[in-house]
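A.B. asks: mind looking at a prediction? Sequence and model below.
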Amino acid sequence: MTHGVLLIVVSLLFVVAYWLGKQRARTTAAEGSKLNSLPEHYGSLVALWTALPGLVLLLLWSLVEGPVVDNLLINKLPAETQQQGGTAIHLALSKVHNLANGAQVAEDPLLMPAVQHLLDLQERTLLLSSGIVLALALAGMAIVWRRIHPDLRARTEVEGIIRGMLFCSSAIAVLTTVGILSSVVFESWQFFGKISPIEFLFGTSWSPQIALRPDQSGSSGSFGAIPLFTGTLLISLIAMLIAVPVGLMSAIYLSEYAHYRVRQFAKPALEILAGIPTVVYGFFAALSVAPFIRESGAGMGLEVSSESALAAGLVMGVMIIPFVSSLSDDVINAVPQSLRDGSYGLGGTRSETVWQVVLPAALPGIVGAIMLAVSRAIGETMIVAMAAGLAANLTANPLDSVTTVTVQIVTLLVGDQEFDSPKTLAAFALGLVLFLVTLSLNFVALKVVQKYREQYD
Amino acid sequence: MTDQQLTTRAKVERSMTRRRRAEMRFRAYGVMSIAFGLLCLVVLFSNILGQGLSTFRQTVLEVNLHIDGDALGISRQSSEAEISAADYETLLKNFMREKAGATSRDDRRLAGTLVSVGAPWQIRDAVLANTDVIGDHLRLEIIMDDDVDQWYKHDRDIGQPGRLKDNQIKWLESWIADGSLHTRFNTTFFVNGDSREPELAGIRGAIAGSLLTMLVTFLLSFPIGVAAAIYLEEFAPRNRMTEIVEININNLAAVPSITFGLLGLAIFIGLFGVARSTPLVGGLVLTLMTLPTIIISGRAAIKAVPPSIREAALGLGASRMQMVFHHVLPLALPGMLTGTIIGMAQALGETAPLLMVGMIAFVVDVPNFISDPATVLPVQIFLWSDSPERAFTERTSGAIIVLLAFLIVMNTAAVWLRRRLERRW
């Protein structure tokens, strides 16, 4: 909360600085000299230099504070804990934090020096950081306030600062990609240090259960991801078998046949399907569709698993319909009317025109749309997490239970876990595969769609 | 007459029947596809509504309870702590046994289990609110156990016993006959946090968590998204660097949401030490996820502002920055807001990345601040859908109805905003 107080103080200083700067510019102007910029610009310049440096520093500090404090604390932990290393230190540190924050944890006299040290540190860093931020604010205010002069190009400087801020905002998108990549690559690197990539990519047995004690038998677990890949592909295939024909035909009907009124109603109605949260689909798949399929299967004498790939795939297909249809709709609408008119002029019926003229012309775009849909199906998590199973079966039977990459990531990472066990690291390795596959699919698809659009523009 | 002798016209006429039929078939496929899509929508909604609407009714028993101060060891002058500590459970159990007229050991136990385990607290709260009832009678609608609730709402109509015993049903029927057992609007569902007991479980904690998470997401993603859109559309030099940023944003919009969860786990929690399970870390992850949506729609909105406006501003001596902030931005803002609302609606329904950052914890308390442990509505749905009790399935659907209601409101707002404020040139 004290950081909150600091923020409020800085905002107040911001307002004060703006007013002071503006006043000084006005007085200067009143003395008869012509200002380079408007008084508001001088005010903004003073205000920005008051608030920005301190806030940037505070942000940076809050990012590194955790690791730095932990490093300082390690020295204060009991000697044996320090020797045990890794997990023990981690556990002790979190206990120290809990004790210091007044959480109800059993006290441990051995940890008390560290707790005391942490409390001291917290107090000191808070005092120090507030002091530095306020000092920076006042210094910035004083320096820029003194610089105010009719010749100071305040507007140019303010605009430069704002431009820099705008640039930083757009850089966040790139940083996100770098962040995703570095996090999955770094953890995967550790994983591949323990399990060979060959075994991971081509092994056919997946059971990531790591024993609780190192001496327990079968503690290694097996990390062959092939069953996960085939499971993902199977469910995605079922989904695409539903979504592509239905989505494509809907798009064709809506853009080539449907009356304006029908289109006005049907297009948004179909798009509602895309706005429904995936957890709702998951619930629907697990509690309504899967039992329905199992019972109808039983009626036909088929043995259907209660977590069949079919149920998850079907529901996922329904979810993706609007995705395929709205993307294909855009693509089909982009085909120039002159091509259609040419076909009609030669006596083609509407369906012949669609099959022989419109679709071939729109094909690259449609392929792009389907690729985007596939990438979506592969990355979909909640439907499969709720409706598909956990058993890593290597099968092509849609009535069997299969598991997917995303389901395994969720199961491996949900709950309490340590960061350095192969079990959690495996999730990041799967994440790396998932990210690379979907990224390349998206990349190619977007290129194709873009190129296709340019063709007719 | 052989084929060669046919004129072209005759050939065409002969093939027309086949071609017309193909045309009709093709049309029919189109209609069927759309009908299939709409049917799925109808089935999904009716399924959820059918399972979930009964959540909003709750079975209660109207009782006139004698609060025996002597038996409880409290009086009207007792302190709050003493009143809180009194044994209302025994009081209620005895009352239920008497009301049911249970004599045998089994019957006495069965009578006691008809009411919710939360009922004693209900009495305690009522007594605390009005200490005058001590030694007097207290009129109260007592929450029944979820088995009773399910039986009354579903099984009774079809003559099934549900999970109740014959004796229990006999008592309940007699109470229904005298009007003391009935349903009322399920306020518990909206004012309670999560609970292991279905009849006491509510979505208030999840809604508060969702709102706090959305607040963080909005406060971060809207300014950053708008700023990024402005930079890319108005200031960025057309070079390799900008192109990379653009491709990047388009790709990020299509990356599976779960990878954002991995980033949150490894970087926000692992590296920067942000507390797990909090709306803060959830909001940070969702910010990164919604940013591409907001940036893309923001750029479209800026692009839609005609160049004449920019030229007029520049011609009158405005700087580029003044042109953007005084003229382009106000005109583009409605479009940007629409995109932001749609992005926020997506974020509100998102589950997978939040599971990764620990928002799946069982949280009973309603979070008040962005650093309190919390869960969100979709994750609550996920958690409940895993519970074996039938009453939780019902509540899951109820929570889904609430979530969908939020989403419908947000999307309607976006459409309204677009119709109302967006100008077309």
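C.D. replies: The structure has been received and is ready for your questions.
A.B. asks: helices and strands around the helix or strand where residue A:67 lies, which ones?
C.D. replies: With the criterion set as DSSP states H and E, the secondary-structure element containing residue A:67 is helix A:39-74. Here helix A:39-74 touches helix A:2-30, helix A:86-100, helix A:112-147, helix A:154-194, going by 3 or more Cβ pairs under 8 Å, 6 or more residues apart in numbering or on different chains; DSSP states H and E. C-beta here means a position set from N, CA and C on the backbone, and glycine is covered the same way.
A.B. asks: okay, those helices, which one's buried deepest?
C.D. replies: Per-stretch averages of neighbours, counted by mean count of other Cβ atoms under 10 Å in any protein chain shown, single out helix A:154-194 among the helices and strands packed on helix A:39-74, with a mean of 18.
A.B. asks: what separates the helix or strand following that helix from the chain centre, distance-wise?
C.D. replies: For helix A:154-194, the following helix or strand on the C-terminal side (DSSP H and E) is helix A:197-202. If you compare the mean C-alpha spot of helix A:197-202 with that of the full chain, they lie 26 Å apart, counting by Cα atoms, centre = their mean, to the nearest Å.
A.B. asks: and residue B:420, what does it touch?
C.D. replies: With contacts defined as Cβ atoms under 8 Å, 6 or more residues apart in numbering or on different chains, the neighbours of residue B:420 are residue B:334.
A.B. asks: outline the domain layout of chain B.
C.D. replies: B:61-184, B:204-421 (automatic domain parsing).
A.B. asks: what is the mean pLDDT for the longest one?
C.D. replies: This points to domain B:204-421. The average pLDDT within domain B:204-421 is 91.
A.B. asks: I'd guessed residue A:129 sits against residue A:60; true?
C.D. replies: No: at 10.5 Å, residue A:129 does not count as touching residue A:60 under the criterion of Cβ atoms under 8 Å.
A.B. asks: wait, residue B:200 sits on residue B:186?
C.D. replies: No: in this structure, residue B:200 sits apart from residue B:186 without contact. The criterion is Cβ under 8 Å, and the distance is 11.1 Å.
A.B. asks: related to what we said a few turns ago, compare the helices and strands packed on helix A:39-74 and say which comes out lowest on pLDDT.
C.D. replies: Going by mean pLDDT, the lowest-scoring of the helices and strands packed on helix A:39-74 is helix A:86-100, which has a mean of 73.
A.B. asks: now that one against helix A:112-147, angle please.
C.D. replies: 70 degrees (axes from the mean of the first three to the mean of the last three Cα atoms, to 10 degrees).
A.B. asks: by proximity to chain A, which residue of the stretch 51-200 of chain B wins?
C.D. replies: Taking Cβ to the nearest Cβ, chain A has its nearest neighbour within the stretch 51-200 of chain B at residue B:51, 7.9 Å off.
A.B. asks: and the closest residue to chain A within the stretch 1-150 of chain B, how many neighbours?
C.D. replies: Nearest residue of the stretch 1-150 of chain B to chain A, counting by Cβ to the nearest Cβ: residue B:30, 2.8 Å away. Other residues lying near residue B:30 total 22 when counted by other Cβ atoms under 10 Å in any protein chain shown.
A.B. asks: how about the one 3 residues further on?
C.D. replies: Residue neighbour count, defined by other Cβ under 10 Å, stands at 23 for residue B:33.
A.B. asks: residues in contact with residue 339?
C.D. replies: Assuming you mean chain A. Taking Cβ under 8 Å, 6+ apart as the test, what residue A:339 contacts is A:357, A:358, A:361.
A.B. asks: could you do chain B instead?
C.D. replies: B:293, B:294, B:296, B:297, B:298, B:300, B:301.
A.B. asks: I figured residue A:47 hits residue A:11, correct?
C.D. replies: No: between residue A:47 and residue A:11 there is no contact, the gap being 10.1 Å when judged by Cβ under 8 Å.
A.B. asks: which other helices and strands contact the lowest-mean-pLDDT helix or strand in chain A?
C.D. replies: The helix or strand of chain A with the lowest confidence, counting by mean pLDDT, DSSP states H and E, is helix A:79-84 at a mean of 70. Based on contacts counted as 3+ Cβ pairs under 8 Å, 6+ apart, the elements that helix A:79-84 packs against are helix A:86-100.
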